[in-house]
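[1] Next one to model:
(chains A and B)
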Amino acid sequence: MTARKSNPAFLNGVPEMLILELLSHRPMYGYQLVQSIKTATGGGLEFGQGCVYPILHRLESQGILRASRQSVGGRNRFVYCLTKKGQAQRAATVSSWQRIVTAVEHVLQGGERGRTAVA
Amino acid sequence: MDAQRWLEQFERELIRRKLPPLYVERLLSELSDHLFDSLEDPMSTDAKDLRSLVQRVGTPHEVASSAALEHRRAHICRRHPIVSFVLLPLVALPLLWAGSLFVLIALAKAFGLETGGEGVGSAIGHWARVNAPLVSLAMLIVPIGVAAFVFCRIAARSDVTWKWTLAACGILAIVGGMAMVNIVMPGAANKGTVMFGMGLGMRPTEAQLAQFALPLDIAALAIWRQVAHRQRGLAG
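    The predicted structure is shown next:
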């Protein structure tokens, strides 16, 4: 996903993690997912909404998501859900993210200088 | 820019990036739904301000660039189509032939059909001598068929254009069509031999014609299925 100007470059990969996390709760179609990201982040992260779809398609072709056509709200839509591989990927991504956040917070809070925070 | 113009420009950007038609249709369908959902959503502030909506979705150029990038990232075959559909078939077929030769020799040994083996004079030995031409053909044509099927599957799964399916099967047809094998089963007085070679005379044998035609037939079937799948996708 192309990050908007308001987001720093190091957020690469974050939209993918948010997609996996939100789809782990329930299957959604694209617009629902974009709205969920908006709500869940409290509008704190700005992404080009259109760029969610190419990510969804890539994740689908990698077997991380499964798309099925369903009639929702009078329209025939592609509804996405996590596969088993996707659930494993979500767990791994979230775990890595939490490790990074802990490490960065440790540094930002002036923790032990000169010692490695990330194992 | 209104939603319709945004979609038209987006389609032009996708086509300019030579993305597969099926993928373009899918993106257009989903982005079209997204834009109209935004406009119809009473809770969305985008409904009131079209410019804001387009800003949030991204410009056609931005979204198409992202689509092209993700499409290449999605599958290694998309990133390296020449390696996957031109070079790999050239390597895969000789490897499969070597594998089938190995299986053939192993089977012959298992039934005692090697030179001087006890199975040479048995009913199986007689059957093998009578059907040696058929076994030769199977040894060549089965790997060709398997390779063509596998490359067509890879092409379909990685959503590359039909030209890559045809390229892979065309190479398999040319290489496969040139192959010749001659199996002589061991008898009471002669040694068993397997001769393998590549070549094409002015009059190809029937076996060579079959070896040439098989991958092209499989490719035609795969491309037909790809087109039918696309039409179903558009209709659905």
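[2] Over to the closest residue to A:Val72 other than its chain neighbours: give its phi and psi.
    Leaving aside its chain neighbours, A:Val72 sits nearest to A:Tyr29 (6.1 Å; criterion: Cβ to Cβ, 6 or more residues apart in numbering or on different chains). All C-beta spots, glycine's among them, are computed from the backbone N, C-alpha and C. Main-chain dihedrals, A:Tyr29, degrees, to the nearest 10: phi -100, psi 170.
[3] For A:Tyr29, list the residues it contacts.
    A:Gln70, A:Val72, A:Arg77, A:Phe78, A:Val79, A:Tyr80, B:Asp33 (Cβ atoms under 8 Å, 6 or more residues apart in numbering or on different chains).
[4] who's in contact with B:Gln211?
    B:Leu140, B:Ile141, B:Ile144, B:Ala173, B:Gly176, B:Gly177, B:Ala179.
[5] 6 Å instead, please
    B:Leu140, B:Ile141, B:Ile144, B:Gly176, B:Gly177 (Cβ atoms under 6 Å, 6 or more residues apart in numbering or on different chains).
[6] quick one, phi psi at B:Pro20?
    phi -60, psi 140.
[7] burial count for it?
    As a burial measure, B:Pro20 scores 19 neighbours (other Cβ atoms under 10 Å in any protein chain shown).
[8] quick one: contacts for it?
    Contacts of B:Pro20 by Cβ under 6 Å, 6+ apart are B:Asp159, B:Thr161.
[9] From the structure, what's the count of residues near the residue of chain A found nearest chain B?
    Ranked by Cβ to the nearest Cβ, the top residue of chain A for proximity to chain B is A:Gly48, at 3.0 Å. With neighbours defined by other Cβ under 10 Å, the count for A:Gly48 comes to 19.
[10] Quick one: distance of the biggest helix by length in chain A to the chain centre.
    The longest helix of chain A (DSSP state H) is helix A:84-108. Distance, stretch centre to chain centre, for helix A:84-108: 11 Å (Cα atoms, centre = their mean, to the nearest Å).
[11] Against which helices or strands is that helix packed?
    helix A:14-25 (3 or more Cβ pairs under 6 Å, 6 or more residues apart in numbering or on different chains; DSSP states H and E).
[12] Chain B against chain A: which residues are in contact?
    Contact residues (Cβ under 6 Å from any Cβ of the partner chain) of chain B with chain A: B:27, B:30-31, B:33-34, B:37, B:56-58, B:62-63, B:66-67, B:70, B:73-75, B:236.
[13] before we move on, the earlier item: filter the contacts of A:Tyr29 down to the buried ones.
    Burial by neighbour count, judged by 16 or more other Cβ atoms under 10 Å in any protein chain shown, picks out A:Arg77, A:Phe78, A:Val79, A:Tyr80, B:Asp33 from the contacts of A:Tyr29.
[14] which residues touch the fourth one?
    The contact partners of A:Tyr80, by Cβ under 6 Å, 6+ apart, come to A:Leu23, A:Leu56, A:Leu65, A:Ala67.
[15] isn't the residue of chain A closest to chain B right up against B:Gly58?
    Yes - shown here, A:Gly48 and B:Gly58 form a contact pair, counting by Cβ atoms under 6 Å, at 3.0 Å.
[16] which ones are touching A:Ser24?
    Residues in contact with A:Ser24 (Cβ under 6 Å, 6+ apart) are A:Leu82, A:Arg90.
[17] Which pLDDT value does the model give it?
    pLDDT for A:Ser24: 95.
[18] And for A:Ser95?
    For A:Ser95, the model assigns a pLDDT of 91.
[19] Can you tell me the SS state at B:Leu113?
    coil (DSSP: H, G, I helix; E, B strand; the rest coil).
[20] Need the pLDDT of it.
    So, for B:Leu113, pLDDT stands at 75.
[21] if I look at it, how far off is B:Val24?
    From B:Leu113 over to B:Val24 the distance is 56 Å, taken as Cβ to Cβ, to the nearest Å.
[22] Show me which of the two is the more surrounded one.
    Set side by side, B:Leu113 and B:Val24 show more neighbours around B:Leu113, with 22 against 19, by other Cβ under 10 Å.
[23] Angles on the backbone of that one, please.
    According to degrees, to the nearest 10, B:Leu113 has phi -100, psi 10.
[24] Roughly how far does it sit from B:Gln55?
    On the measure of Cβ to Cβ, B:Leu113 and B:Gln55 end up 75 Å apart.
[25] ok, now B:Leu87?
    44 Å.
[26] Equivalent analysis for B:Trp6, please.
    The gap separating B:Trp6 from B:Gln55 is 11 Å, by Cβ to Cβ.
[27] circling back to that earlier point, among the contacts of B:Gln211, find me the one that's closest to chain A.
    For these, the nearest to chain A is B:Ile144 (27.7 Å; Cβ to the nearest Cβ).
[28] ok, the nearest residue to that closest one once chain neighbours are set aside - how many residues close by?
    Distances taken as Cβ to Cβ, 6+ apart place B:Gly176 nearest to B:Ile144, at 4.0 Å, with adjacent residues excluded. Neighbour count of B:Gly176, defined by other Cβ under 10 Å: 27.
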